[in-house]
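Peer 1: here is the input, now give the coordinates:
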Amino acid sequence: MKLAGLAMAAPATAAQILQQAAAEAMEFTQQAESTSLGSGTLDHLDLAVTEFNHAYSLKPPKAVFDAVMDYRRKVNGLLKAKHTHQQERELLAFAGWLSELLAWLAHDLGDARTGLAFATDAFVHGQQAGHGQLCAWAMDASASINLYEQRPAKARSAALRGLTEAPADHPLTVRLHAQAARAAAADGDTEGFTSAFHSAQDAHRLLPPRSPRRFGMDVMPLADYALTSYPATSFIWLGQAEQARRHAEHALATYEAAPETSRAPSREAIARIDLAIAHAQLGDPDDAVSLGHQALGSARVVDSVRHRAGDLTSFLTRRYPRQSAVEGLREHLAALDAAARPALPAAPSGA
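Peer 2: Residues are numbered from 1 along each chain as shown. Prediction:
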């Protein structure tokens, strides 16, 4: 090493060695700060991710998917370029947030494989960025996608994995407990549903007065929806129609009372379908058909809405096989299914 003989060197030589070492230290610092990122790149990405999250419930999912995928590729390129360690952590987080949104959009477009791939990508990038909350959001997406793919055990596992990363006093914790409850109900596990749903209620009571925000959006409604809409679906699966009706009515009232900026048309449509199925189970097919048409008239009829509407029409057809109104609802759904094709094209892998 250059300083190994410093103590034995002549004064002039020692001074030269120290001067050279100081110059090298400056080079080390410049290397650590060296980056090819423009000064406003990270701010631009933050604004873009914010706008994409706001657009999610307002614009057609295919258009949003294409725009978000374009940015995900750009971030992949930035991660391969020169940047500082701190910038890398921020880029990894932005990559994860974009992939989390792509997971939901792929799910909305009916491509579970792509959705789960992006949920996994979001989780991995969250881990690399040291961002536990991002990991938890990724597992929330994975839980929903697996549930709609009729894989309740995997959905439950994803929810529990998310709970290991989510802050205890965050609305996401409420949602993940409710996800686990819904998965248990889908598996016919009444005790598991009851236990997980009580955990969701307990977590909701512990939330702070001021709700956290995600890219400028209040996330408290997501916890409120999970405590009303998820049990409505769960009680349908558990064959408890009256309980399902009560929770579905509460869920629908919660959605309708939300500020316009917080409305979620697809979730509201699913609440109407839950209420419709409850009415059908209770012997009221006319209201069930009417609610079904209202749901399919939503501004955002994504794959999950059509999937649940299929559950409704299948039940109505079995229970009330000779009613023309039921056939009309089936035709309404068939037309929407046809309009939704072609399916989402496969996305190339990112970083």
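
Peer 1: got a list of what the residue nearest the centre of the chain touches?
Peer 2: Relative to the mean C-alpha position of the chain, the nearest C-alpha, by C-alpha atoms, centre = their mean, is the one of residue 141, at 4.0 Å. The contact partners of residue 141, taken as C-beta atoms under 8 Å, 6 or more residues apart in numbering, are 100, 103, 104, 107, 115, 118, 119, 122. The C-beta positions use only the backbone N, C-alpha and C, and glycine is treated the same way.

Peer 1: quick one: which of those has the most company?
Peer 2: Counting neighbours by other C-beta atoms under 10 Å, residue 118 leads the contacts of residue 141 with 32 neighbours.

Peer 1: strands of the stretch 201-350 of the chain, start to end?
Peer 2: Per DSSP state E, counting those that start in this stretch, the stretch 201-350 of the chain carries strands over the ranges 213-214, 217-218.

Peer 1: which one, of those strands, ends up nearest to residue 96?
Peer 2: For the strands of the stretch 201-350 of the chain, proximity to residue 96 was assessed by C-beta to C-beta; strand 213-214 is nearest, at 13.0 Å.

Peer 1: just checking: what are the partner strands of the closest one?
Peer 2: Next to strand 213-214 in the sheet, as set by DSSP bridges, lie strand 217-218 (antiparallel).

Peer 1: and the contacts of the strand it pairs with?
Peer 2: Residues outside strand 217-218 that contact it (C-beta under 8 Å, 6+ apart) are 53, 54, 211, 261, 262.

Peer 1: max pairwise distance over those: which two?
Peer 2: The widest separation within these, taken as C-beta to C-beta, falls between 54 and 211 and amounts to 16.9 Å.

Peer 1: wait, residue 241 touches residue 278, no?
Peer 2: Yes. Contact status for residue 241 versus residue 278: in contact at 5.1 Å, counting by C-beta atoms under 8 Å.

Peer 1: what touches both of the two?
Peer 2: Residues touching both residue 241 and residue 278 (C-beta under 8 Å, 6+ apart) are residue 235.

Peer 1: who's more crowded, the two?
Peer 2: When residue 241 and residue 278 are compared for neighbours, residue 278 comes out ahead with 26 against 17, by other C-beta under 10 Å.

Peer 1: picking up where we left off before, from the contacts of strand 217-218, which single one is nearest residue 89?
Peer 2: Scanning the contacts of strand 217-218 for proximity to residue 89, where the rule is C-beta to C-beta, the winner is residue 53, at 20.2 Å.

Peer 1: so that closest one is in which element?
Peer 2: When elements are defined using DSSP states H and E, residue 53 is found to belong to helix 41-55.

Peer 1: so for residue 110, what's the nearest residue that isn't a sequence neighbour?
Peer 2: Counting by C-beta to C-beta, 6 or more residues apart in numbering, residue 303 is the residue found nearest to residue 110 once chain neighbours are left out, at 3.7 Å.

Peer 1: sorry, slip of the keys, the one I care about is residue 100.
Peer 2: The shortest distance from residue 100 to any residue that is not its chain neighbour, by C-beta to C-beta, 6+ apart, is 3.9 Å, and that residue is residue 122.

Peer 1: which of the three states applies to the one you found?
Peer 2: Using DSSP: H, G, I helix; E, B strand; the rest coil, the structure places residue 122 in helix.

Peer 1: so it touches residue 92, yeah?
Peer 2: No. In terms of C-beta under 8 Å, residue 122 does not count as a neighbour of residue 92; the distance is 10.5 Å.

Peer 1: where does the stretch 51-200 of the chain have low pLDDT?
Peer 2: In the predicted model, the stretch 51-200 of the chain carries no residue with pLDDT under 70.

Peer 1: can you give me the strands in it?
Peer 2: According to DSSP E, counting those that start in this stretch, the stretch 51-200 of the chain carries no segments that qualify as strands.

Peer 1: out of the contacts of strand 217-218, which are buried?
Peer 2: With neighbours counted using 16 or more other C-beta atoms under 10 Å, the contacts of strand 217-218 contain these buried positions: 53, 262.

Peer 1: among the contacts of strand 217-218, which one lies nearest to residue 246?
Peer 2: residue 262 (23.2 Å).

Peer 1: quick one: contacts for the closest one?
Peer 2: For residue 262, the contact set (C-beta under 8 Å, 6+ apart) comprises 217, 218, 221.

Peer 1: please report how far the second one lies from residue 256.
Peer 2: Going back to what we said before, that points to residue 218. 17 Å (C-beta to C-beta, to the nearest Å).

Peer 1: so the two - more neighbours on which side?
Peer 2: It is residue 218, of residue 218 and residue 256, that has more neighbours when counted by other C-beta under 10 Å, with 16 against 10.

Peer 1: check what pLDDT that one gets.
Peer 2: At residue 218 the predicted local distance difference test score is 87.
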